[in-house]
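**Student:** Here is the input, now give the coordinates:
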Amino acid sequence: MIKGGTKMYDLDRFIDAQDEDYETALFELKRGRKQSHWIWYIFPQLASLGYSYRAKFYGLDDLDEARAYLDHPVLGPRYLACVEILLAHADRPIRSIMGSDVDVDKLLSSLTLMQRAGGGDRITDAIALFYEGRSCPKTNETLTSM
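**Tutor:** Numbering: from 1, shown residues only. Modelled structure (predicted):
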């Protein structure tokens, strides 16, 4: 359990999933082509924006849980490492890296959430580079209404 704000969050679901697929995610991101199914637990978004079981199960409840994710000694560094790898592909459109419009949108949702949670300049850089500086309106609207 990890404390985020006044709540405790069980982030073990991410560790368990990443134990299986983190190396695959790194390999695919370094290669510049996502092909398998790991986005939910590598680049989580708000649970309320998800439709599938995985999107809801691996979704984050709010900014406090996003901060807890970023503050986690394993998950935070892994997230930022994946963002760094994306930034190494500055010469490529994000669609060609992520493989589908759906995953392009999920990534933006995650980056926006983590940016709002205080994830740092490299997340802002990724939004600027791949999304022309435009954050996810659905994520922003949901966070504003919380």
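**Student:** Could you check how far R122 is from L87?
**Tutor:** Distance check for R122 against L87: by CB to CB, to the nearest Å, it reads 7 Å. C-beta: built from backbone N, CA, C; applies to glycine.
**Student:** Same check on M98?
**Tutor:** Taken as CB to CB, the span from M98 to L87 is 14 Å.
**Student:** And the most centrally placed residue in the chain, what's its pLDDT?
**Tutor:** When CA atoms, centre = their mean is applied to the chain, the residue found nearest the centroid is F43 (2.3 Å). pLDDT, F43: 99.
**Student:** which ones are touching it?
**Tutor:** Applying CB atoms under 8 Å, 6 or more residues apart in numbering to F43 gives the contacts Y79, C82, K106, L107, S110, L111.
**Student:** Could you report the separation of it from M8?
**Tutor:** Counting by CB to CB - F43 and M8 are separated by 23 Å.
**Student:** Kindly report the same for D19.
**Tutor:** For D19, the distance to M8 - CB to CB - is 22 Å.
**Student:** Convert the C-alpha atoms of stretch 106-113 to PDB, please.
**Tutor:** What follows is stretch 106-113, C-alpha atoms only, in PDB (Å, rounded to 0.1, in the frame of the first residue of the first chain):
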ATOM      1  CA  LYS A 106      -4.600   6.600 -24.200                       C
ATOM      2  CA  LEU A 107      -1.000   7.800 -24.100                       C
ATOM      3  CA  LEU A 108      -2.100  11.400 -24.300                       C
ATOM      4  CA  SER A 109      -4.600  10.800 -21.500                       C
ATOM      5  CA  SER A 110      -1.900   9.200 -19.300                       C
ATOM      6  CA  LEU A 111       0.700  12.000 -20.100                       C
ATOM      7  CA  THR A 112      -1.900  14.600 -19.200                       C
ATOM      8  CA  LEU A 113      -2.800  12.900 -16.000                       C
END
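**Student:** And that stretch, how far out from the chain middle?
**Tutor:** 6 Å (CA atoms, centre = their mean, to the nearest Å).
**Student:** picking up where we left off before, out of the contacts of F43, grab the one that's most surrounded.
**Tutor:** S110 (29 neighbours; other CB atoms under 10 Å).
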